[in-house]
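[1] Sharing a model prediction with you, sequence too.
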Amino acid sequence: MSPSSRSVLVTGGNRGIGLAIARSFAEAGDQVAITYRTGEPPAELADLGVLAVRCDITDSEQVERAFKEVEEKQGAVEVLVANAGMNRDQLLLRMSEEDFSSVLETNLTGTFRVTKRATKGMLRARKGRVVLLSSVVGLLGSAGQANYAASKAGLVGFARSLARELGSRNITCNVLAPGFVDTDMTQALSDEQRDRIVKQVPLGRYARTEEIASCVRFLASEEAAYITGAVIPVDGGLGMGH
């Protein structure tokens, strides 16, 4: 292990943005673990030495087991990237209570669970980095995504409260708010839908997952040691002013 190698945990790290973030930290020499809920992590993670732990962040017992496994194999978590999330889009009048509560349970309460558990070790070490993945939708709003937007907006208040609570212990807590990103989910859209989305973005394209990952790594770096409670948009200008 190099002197700069840290114990990093990325929730929801088996695909899309989470996978790119895990890959980025691993390639930089950090010890990286991911959580995943379903499916099997890609082989490339094992090749990079990434530890994959099955964990549903809506279950407190699974969260505790996952952290214990990570701590046994690579030490207490020094960098937490809370990326795991879900959506159940529906217009408000058609949205069930289950549609609403399940999204908040994963995106907001699930993030609370993993952050609370990770910061126990950070407080003992008197250092740490927490990066929460929100969304431009949490700042801008989106018709048919009231549940998702509420959960992602909630992360901002959560992070800024933690920044005030934990700053004296050299623990930073920041939020990244991506816009539309080129992932399997967006690639499944029709050409017409993709074109309509791109027209809203001043830079005229989707983000690459690597561009999100590089910003996460910056917020976890020594260069960002004096940044906390910030909301960093990586959205091609889509949400500017919000």
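    Cool, the structure landed. Residues are numbered from 1 along each chain as shown.

[2] For this structure, which segments count as helices?
    Shown for the chain, the helices assigned by DSSP state H span residues 16-27, 43-47, 60-74, 97-104, 110-125, 136-140, 146-166, 184-187, 191-198, 209-219.

[3] Could you list the low-confidence segments of the protein?
    1-4, 188 (pLDDT under 70).

[4] Nearest the middle, which residue of it would you pick?
    In the chain, the centroid-proximal residue (CA atoms, centre = their mean) is residue 83; its distance is 2.2 Å.

[5] what's the longest strand in this structure?
    Counting residues, the longest strand found in the chain (DSSP state E) is strand 171-178.

[6] what is the orientation angle of that one with helix 209-219?
    Angle of strand 171-178 versus helix 209-219, following axes from the mean of the first three to the mean of the last three CA atoms, to 10 degrees, is 160 degrees.

[7] What strands line up against strand 171-178, and which way round?
    strand 128-133 (parallel), strand 231-234 (parallel) (DSSP bridges).

[8] starting at the chain centroid, how far to the longest one?
    Strand 128-133 has its average C-alpha position 8 Å from the chain's average C-alpha position, going by CA atoms, centre = their mean, to the nearest Å.

[9] same check, this time on stretch 232-241
    For stretch 232-241, the distance to the chain centre is 17 Å (CA atoms, centre = their mean).

[10] Could you work out the end-to-end span of it for me?
    End-to-end distance of stretch 232-241: 12 Å, with CA to CA, to the nearest Å as the criterion.

[11] cool, stretch 69-88 as well?
    End-to-end distance for stretch 69-88: 31 Å, by CA to CA.

[12] what does stretch 137-151 give?
    Where stretch 137-151 begins and where it ends lie 10 Å apart, using CA to CA.

[13] Would you mind listing the outside residues contacting that stretch?
    With CB atoms under 8 Å, 6 or more residues apart in numbering as the test, stretch 137-151 has contacts from 85, 87-92, 95, 99-100, 103-104, 106-108, 135, 152-156, 177, 231, 233, 238-239, 242. Just so you know, the C-beta spots here come from the backbone N, C-alpha and C atoms, and that holds for glycine as well.

[14] Need the buried ones from these selected in PyMOL.
    Per 16 or more other CB atoms under 10 Å, the buried members of the contacts of stretch 137-151 correspond to this PyMOL selection:
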select buried, resi 85+87+88+90+95+99+100+103+106+107+108+135+152+153+154+155+156+177+231+233+238+239
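
[15] ok, now which ones touch the residue nearest to the centre of the chain?
    Residue 83 touches 10, 11, 12, 13, 17, 18, 21, 133, counting by CB under 8 Å, 6+ apart.

[16] For those residues, please prepare a markdown table with the additional fields distance to residue 71 and neighbour count.
    Below are the contacts of residue 83 laid out as a markdown table (distance: CB to CB, whole Å; neighbours: other CB atoms under 10 Å):
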| residue | distance to residue 71 | neighbour count |
| --- | --- | --- |
| 10 | 15 | 32 |
| 11 | 15 | 29 |
| 12 | 19 | 26 |
| 13 | 17 | 30 |
| 17 | 25 | 26 |
| 18 | 20 | 27 |
| 21 | 20 | 31 |
| 133 | 23 | 25 |
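
[17] now the farthest one out in the chain, which residue is it?
    Using CA atoms, centre = their mean, the residue of the chain lying farthest from its centre is residue 93. It sits 29.1 Å away.

[18] do you know how far it is from residue 8?
    Applying CB to CB, to the nearest Å, the value for residue 93 to residue 8 is 42 Å.

[19] now do the same end-to-end measure for stretch 216-234.
    End-to-end distance for stretch 216-234: 10 Å, by CA to CA.

[20] Over to stretch 99-119?
    For stretch 99-119, the first-to-last residue distance is 30 Å (CA to CA).

[21] Please compute how far it lies from its chain's middle.
    Mean-position distance between stretch 99-119 and its chain equals 11 Å (CA atoms, centre = their mean).
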